[in-house]
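1. Predicted model and sequence follow; I will ask about them next.
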Amino acid sequence: MRNLRKLTLAAAGTALVLGATACGPQGTTNGSPQQPAAQTAAPAADGSGGNGATDAYGNGNGAGKGSAAAGTASGPLAVRDDAELGPLVADAEGFTLYRFDKDTADPSSSACVGDCAKTWPPVPASATEPGGVDAARTGSVKRADGTEQLTIAGWPVYRFAKDTAPGQTNGQGVGGTWFAVTPDGGKAGVKEGAKEEAGPLPALSLTDDAKLGKIIRDGKGRTLYRFTKDTAWPMKSRCEGACLEKWRPAKLVDLNDVEGIDPKKLIPYTRSDGTKQLTIDCWPLYWFTGDKTPGDTNGQGVGGTWFAVTANGKLAK
């Protein structure tokens, strides 16, 4: 429940210090245990993977780099069958179009204004034609500035400034709220029957997987995993080198933005390169690059050593 998110920073710091002593030394040069660092505050669903690099809209460090090229091309819409996401809508130049969970379709309304609209340029209704999309599904909504924005099945649609070439889908899943739009106005890449989220996800929470039960996910909806070759005493990650190309260490989270998991179990681990990794009950956590959409569990059982994780830090099987 959300009451877990009310933990004060002071109490969280105490919990970290007490919890770290139970994980054993990390093999430092002087033989003493690593002192846990304060958790890095990151927005619940910033889409950045840590360090608060972007906010829920994808704004932040470097967000404006592609903004100059983010204008929407005039002409007919196209439908592209993306290898990972399936059918999605693109503009006349082949740039992917997106929808935003904070918008509404009935009635049509856009919640992306100000800086958000710089990172996610609204698609002008006057600049587009139905093309590959059923004309009955296209429409428009008047924005606060008086301009008309294209809608598909009532959902306002946008480009993403960080898509700098046709065919890119860098906006997919940003903040857990942005998704490529399908020809019928749905979310590309989201499993059929998957639960629609009411808003941005907490930085760490549980999802109820049909096969694995309740497992831990991060703020981008990605399943988090444990590696059975790691150890909790001493706290040690055995995933180094080439392993990190597929299995990325989970970043630290804001303990005030955790739901369904005891924050006392969340302890920072200092990796060999000096970076910080999130652990639960002293076990390092990772996300899998083979999971392409929120809710995927493609990493489950890989090599007989990688498994999704339950709220108490146990392996989900």
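-> Nice, I can see it.
2. Identify the residue nearest residue 206 in space, chain neighbours excluded?
-> Once flanking residues are discounted, residue 206 sits nearest to residue 260: 4.1 Å by C-beta to C-beta, 6 or more residues apart in numbering. (Glycine included, C-beta is placed from N, CA and C.)
3. any idea of the pLDDT on that neighbour?
-> Per-residue pLDDT puts residue 260 at 95.
4. try residue 317
-> For residue 317, the model assigns a pLDDT of 88.
5. Renumber starting at 528 from here on
-> Shifting the count to begin at 528 puts that one at residue 844.
6. Hmm, residue 834 and it touching each other?
-> Yes - the pair residue 844 and residue 834 passes the contact test of C-beta atoms under 8 Å, sitting 6.4 Å apart.
7. Neighbour count for these two, which is higher?
-> When residue 844 and residue 834 are compared on other C-beta atoms under 10 Å, the one with more neighbours turns out to be residue 834, at 21 against 11.
8. any chance you could map the strands in the stretch 628-777 of the chain?
-> Remark: strands assigned in the stretch 628-777 of the chain by DSSP state E, counting those that start in this stretch are 631-632, 635-636, 655-656, 665-669, 675-679, 682-683, 705-707, 731-736, 740-745, 751-754, 758-759, 762-763, 774-776.
9. quick one: contacts of the fourth one?
-> Residues external to strand 665-669 that are found in contact with it (C-beta atoms under 8 Å, 6 or more residues apart in numbering): 604, 635-637, 652, 655, 657, 675-679, 681, 683.
10. can you do 6 Å?
-> By C-beta atoms under 6 Å, 6 or more residues apart in numbering, the surrounding residues in contact with strand 665-669 are 635, 652, 657, 675, 676, 678, 683.
11. Give me the three-state assignment for the residue nearest to residue 733.
-> Following DSSP: H, G, I helix; E, B strand; the rest coil, residue 787 is assigned to coil.
12. and it, what is it in contact with?
-> Residue 787 neighbours (C-beta under 6 Å, 6+ apart): 732, 733, 838.
13. Name the nearest residue to the last one, sequence neighbours excluded.
-> What it means is residue 838. Closest residue to residue 838 apart from its sequence neighbours, by C-beta to C-beta, 6+ apart: residue 788 at 5.1 Å.
14. The first one too?
-> The shortest distance from residue 732 to any residue that is not its chain neighbour, by C-beta to C-beta, 6+ apart, is 4.3 Å, and that residue is residue 786.
15. okay but that neighbour is in contact with residue 729, surely?
-> Yes - using C-beta atoms under 6 Å, residue 786 is in contact with residue 729, at 4.3 Å.
16. The two: which is more packed in?
-> residue 729 (23 against 16).
17. And that one, how close does it get to residue 815?
-> Distance, residue 729 to residue 815, by C-beta to C-beta, to the nearest Å: 20 Å.
18. What is the neighbour count of residue 770?
-> Residue 770 has 13 neighbours, counted by other C-beta under 10 Å.
19. Kindly apply the preceding question to residue 833 instead.
-> Counted with other C-beta under 10 Å, the neighbours of residue 833 add up to 20.
20. Give me the phi and psi for the residue nearest to residue 759 when sequence neighbours are not counted.
-> Using C-beta to C-beta, 6+ apart and skipping the chain neighbours, the partner closest in space to residue 759 is residue 809 (3.8 Å). Main-chain torsions, residue 809, degrees, to the nearest 10: phi 80, psi 0.
21. Which residues are in contact with residue 809?
-> When contacts are counted by C-beta under 6 Å, 6+ apart, residue 809 touches 550, 759, 762.
22. For stretch 704-717, buried residues please.
-> 704-710, 712-717 (16 or more other C-beta atoms under 10 Å).
23. Make a markdown table out of those and add distance to residue 779.
-> As requested, the buried residues of stretch 704-717 are arranged in a markdown table below (distance: C-beta to C-beta, whole Å):
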| residue | distance to residue 779 |
| --- | --- |
| 704 | 22 |
| 705 | 23 |
| 706 | 26 |
| 707 | 29 |
| 708 | 33 |
| 709 | 35 |
| 710 | 39 |
| 712 | 36 |
| 713 | 34 |
| 714 | 28 |
| 715 | 30 |
| 716 | 27 |
| 717 | 27 |
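24. Select, from the residues you listed, the two members most distant in space.
-> 704 and 710 (20.6 Å; C-beta to C-beta).
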